[in-house]
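In: sequence first, then the predicted structure:
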Amino acid sequence: MLTDLPAWNALTHHCQTMRTVRMRDLFARSDGDARVATLSVEAAGLHLDYSKNRITPETMALLMQLAEEAGVLAARDAMLAGEQVNTTEHRAALHVALRAAPGEQYCANGEPVGPAVAAVLARMRDFSDAVRNGTWRGHDGQAITDVINIGIGGSDLGPRMACRALSHLASPRLRMHFVSNVDGVELTEILARVQPATTLVIVCSKTFTTLETMTNAHSTRDWFLAHGVPEAGLARHFVAVSTNTDAVRAFGIDPANMFEFWDWVGGRYSLWSAVGLSIVLSIGYEHFSELLAGAHAMDRHFATAAPLQNMPMILGMLGVWYRNFFDSASTCMAPYSASLELFPFHLQQLEMESNGKSVRKDGTPVSYRTSPIVWGTAGTNGQHAYFELLHQGMQLIPVDFIVPLKAPHTLPGHHAKVLANCFAQGEALMHGRTLDDITAQGVEPELAPHLACRGNQPSNTLLLPALTPHAVGALVALYEHRTFVQGAIWNINSFDQWGVELGKVLAKPILEELNGGASHPHDASTAALIRRARG
Ligand SMILES: O=P(O)(O)OC[C@H]1O[C@](O)(CO)[C@@H](O)[C@@H]1O
């Protein structure tokens, strides 16, 4: 039992002390520089300063002791060894194999996966080169100008986020579009902007059965046919990314135009696989290789660095510290870069679909908190929206500031303002503004309480050298491994997602009823809503 471990008990006691410690006092001591040096770490080109946390070196030692006692390192090694760590689906979770260096060998179910991975990557390279250089053309011989990725969840969020993050490297000849929502609005808007003869569609779905994706794919296919593309010409406009060859064929896409991936790749860990085809098309294979190399560098770091120097372990255990010992319910992601604006959405699926669980691997209920709510938006926008609550609200909400040191553009003057605001927010959250501070400035006593900022709010600051594919790859892999560390501590299966199935199952009979079919039994509220919708 996690809560019976010696380190858990030691942390429970230690937390009593740390609740009363103010970070500004820790920084005010003469060893402030030493604190920063001790509580900073480098990995895969990223720099993490985690000194603005409610911790001391003793806290970190205890957290790593907990990781050791809870078997996190053994769990990591089992994942890397290709064991079936996804225990309910009896699958390995080998996303690291998708970005392995040549010569590294990973096996799923005892079979080496490297050759299959390399073969698909080679096909992705050849295909994307052909589309990008105009060799692959639409049915009437025109070059492709627009690519639509139709997918949802992991088949959308990862590639959409990466294309946005690296849009400064995108081919000016290819416009990328992403459709996920089944509501038809996204698809209608995109189809109004593209021409069928010059549009390539990627139907991206691990299962090739997902309601949203298949609905959007069928509507798009109908749109092509209605706009003069003959059935025989569709092969120039549709490719598939999937694990399900039969369903791809049944949809009408030749398996020769299918880019395969495998059941040991979880949807939310799949942007490194053929699911990243849209990324390759957008930024080119060389850049995609650098993205993989950045993730690989983080994988090697995670696999080999000592716990106290191990960035994913540090971030993961800090998350456990606040979630389990301070009962913090949510965590805020604040990338100070519009290019990274979709990163919090990617993380929402990564963390909450992975660790939003309440039973342990053996099916028994957990007796402690699991995944916090992950939320956030790009800075500096967030400052003018919800940061008030971070500074003056009631809850403890750790913040991760993520910022590239160089801008992906050449507009003068902007980036220093981004950095200044990012650093200032971390400083303000940590330092706060006490009544004494305010009174010393001569503020009227009635106004003073309204100006006070509680401070002592924890944050991490993660610096990327620039928005290079390598740095973005390392960043995403860092958070994948952070999620893994936390799942291992909580002893839950971070690789299944049975909870989302229930809603999918219940939607089927409701859809039949909305389409005029017979009624099914429902609770009174749902039945009334269906009656209203039917009119
Ligand atoms: O790629 P698929 O099979 O269409 O699934 C899409 C998404 O649906 C889920 O299975 C559940 O929402 C995700 O885990 C997955 O990324």
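Out: Now that the structure is in, tell me what you want to look at. Predicted model, so just to flag it, every value in this text is computed and none were measured. Numbering: from 1, shown residues only.

In: can you map out the helices along the stretch 401-535 of the chain?
Out: Per DSSP state H, counting those that start in this stretch, the stretch 401-535 of the chain has helices spanning 414-431, 435-440, 448-451, 469-490, 499-514, 524-534. These are given in chain order.

In: so which of the ones you listed is the most surrounded?
Out: helix 469-490 (a mean of 26; mean count of other C-beta atoms under 10 Å). C-beta: built from backbone N, CA, C; applies to glycine.

In: how far does that helix sit from the chain's center?
Out: The chain centre lies 9 Å from the centre of helix 469-490; the measure is C-alpha atoms, centre = their mean, to the nearest Å.

In: got the CA coordinates for that helix in CSV?
Out: The C-alpha atoms that make up helix 469-490 are tabulated as CSV, following Å, rounded to 0.1, in the frame of the first residue of the first chain:
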residue,chain,number,x,y,z
PRO,A,469,11.9,20.3,-33.4
HIS,A,470,14.5,18.8,-31.0
ALA,A,471,13.4,20.9,-28.1
VAL,A,472,9.7,20.3,-28.8
GLY,A,473,10.3,16.5,-29.0
ALA,A,474,12.2,16.6,-25.7
LEU,A,475,9.4,18.7,-24.1
VAL,A,476,6.6,16.3,-25.1
ALA,A,477,8.6,13.2,-24.1
LEU,A,478,9.3,14.9,-20.7
TYR,A,479,5.7,15.2,-19.9
GLU,A,480,4.9,11.7,-21.2
HIS,A,481,7.4,10.4,-18.7
ARG,A,482,6.2,12.7,-15.9
THR,A,483,2.8,11.2,-16.5
PHE,A,484,4.3,7.7,-16.3
VAL,A,485,6.1,8.4,-13.0
GLN,A,486,2.9,9.6,-11.4
GLY,A,487,0.9,6.6,-12.7
ALA,A,488,3.6,4.3,-11.3
ILE,A,489,3.4,6.0,-7.9
TRP,A,490,-0.4,5.7,-7.9
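
In: spit out the contact partners of V113.
Out: The neighbours of V113, taking C-beta atoms under 8 Å, 6 or more residues apart in numbering as the test, are 82, 94, 97, 106-107, 262, 264.

In: would you reformat those as CSV and include neighbour count?
Out: Listed next are the contacts of V113 as CSV, based on neighbours: other C-beta atoms under 10 Å:
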residue, neighbour count
G82, 22
L94, 24
A97, 26
Y106, 19
C107, 16
W262, 20
W264, 26
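
In: mind giving me CSV with those and columns for pLDDT and distance to D183?
Out: Output for the contacts of V113, formatted as CSV (pLDDT from 0 to 100; distance: C-beta to C-beta, whole Å):
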residue, pLDDT, distance to D183
G82, 95, 39
L94, 98, 34
A97, 98, 36
Y106, 96, 39
C107, 95, 42
W262, 96, 31
W264, 97, 32
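
In: what's the domain layout of the chain?
Out: 22-81+305-414+425-490, 95-288, 500-534 (automatic domain parsing).

In: got TSV for those, with distance to D299 too?
Out: Listed next are the domains of the chain as TSV, based on distance: least, C-beta to C-beta, whole Å:
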stretch	distance to D299
domain 22-81+305-414+425-490	6
domain 95-288	5
domain 500-534	27
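
In: which one of those domains lies closest to the ligand?
Out: When those are compared by C-beta to the nearest ligand atom, domain 95-288 sits nearest the ligand, at 2.5 Å.

In: is the closest one up against the ligand anywhere?
Out: Yes. Under the criterion of C-beta under 6 Å from any ligand atom, the ligand is reached by domain 95-288 at 152-155, 205-207, 210, 213, 267-268.

In: starting at the chain centroid, how far to that domain?
Out: For domain 95-288, the distance from its own C-alpha centre to the chain's C-alpha centre is 19 Å (C-alpha atoms, centre = their mean).

In: mind giving me the ChimeraX select for the residues of domain 95-288 next to the ligand, buried ones only?
Out: In ChimeraX, a selection of the buried entries from these looks like this (16 or more other C-beta atoms under 10 Å):
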select :152,153,154,155,205,206,210,213,267,268
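
In: which two of the residues of domain 95-288 next to the ligand have the greatest separation?
Out: Distances among those were taken as C-beta to C-beta; the most separated pair is T213 and R268, at 15.2 Å.

In: so how far is stretch 394-408 off the chain centroid?
Out: The chain centre lies 15 Å from the centre of stretch 394-408; the measure is C-alpha atoms, centre = their mean.

In: list the buried ones in it?
Out: 396-404, 407-408.

In: between those, which sits nearest A67?
Out: Checking the buried residues of stretch 394-408 against A67 by C-beta to C-beta gives P398 as the nearest, at 18.0 Å.

In: that closest one and S459 touch, don't they?
Out: Yes. Checked against C-beta atoms under 8 Å, the pair P398 and S459 is within contact range at 6.6 Å.

In: quickly list what's touching both of those two.
Out: Shared contacts of P398 and S459, defined by C-beta under 8 Å, 6+ apart, are found at N53.

In: wait, N181 sits on T215?
Out: No. N181 is not in contact with T215 according to C-beta under 8 Å; the separation is 10.1 Å.

In: any idea how far L435 is from T483?
Out: Using C-beta to C-beta, to the nearest Å, one obtains 40 Å as the distance from T483 to L435.

In: now swap in R24 and tell me
Out: Between R24 and L435 the distance is 14 Å, computed by C-beta to C-beta.

In: and what of L389?
Out: When distances are taken as C-beta to C-beta, L389 and L435 turn out to be 20 Å apart.

In: next SSE downstream of the helix or strand containing M79?
Out: In this assignment (DSSP states H and E), M79 forms part of helix 72-80. Stepping forward along the backbone from helix 72-80, the first helix or strand reached (DSSP H and E) is strand 107-108.

In: partners of that next one, with directions?
Out: Each strand that pairs with strand 107-108, with its direction, by DSSP bridges: strand 111-112 (antiparallel).

In: touching the partner strand from outside, list them.
Out: Everything outside strand 111-112 that qualifies as a contact, by C-beta under 8 Å, 6+ apart, is 105-106.

In: swap the cut-off to 10 Å and go again
Out: By C-beta atoms under 10 Å, 6 or more residues apart in numbering, the residues outside strand 111-112 that reach it are 82, 97, 105-106.

In: quick check: next helix or strand after it?
Out: Past strand 111-112, the next helix or strand by DSSP H and E is helix 114-132.

In: tell me what that following helix is packed against?
Out: Other helices and strands packing on helix 114-132, by 3 or more C-beta pairs under 10 Å, 6 or more residues apart in numbering; DSSP states H and E, are strand 238-242, strand 258-260, helix 277-283, helix 285-304.

In: quick check: which of these is nearest to K52?
Out: Taking C-beta to C-beta as the measure, those were each checked against K52, and helix 285-304 came out nearest at 22.2 Å.
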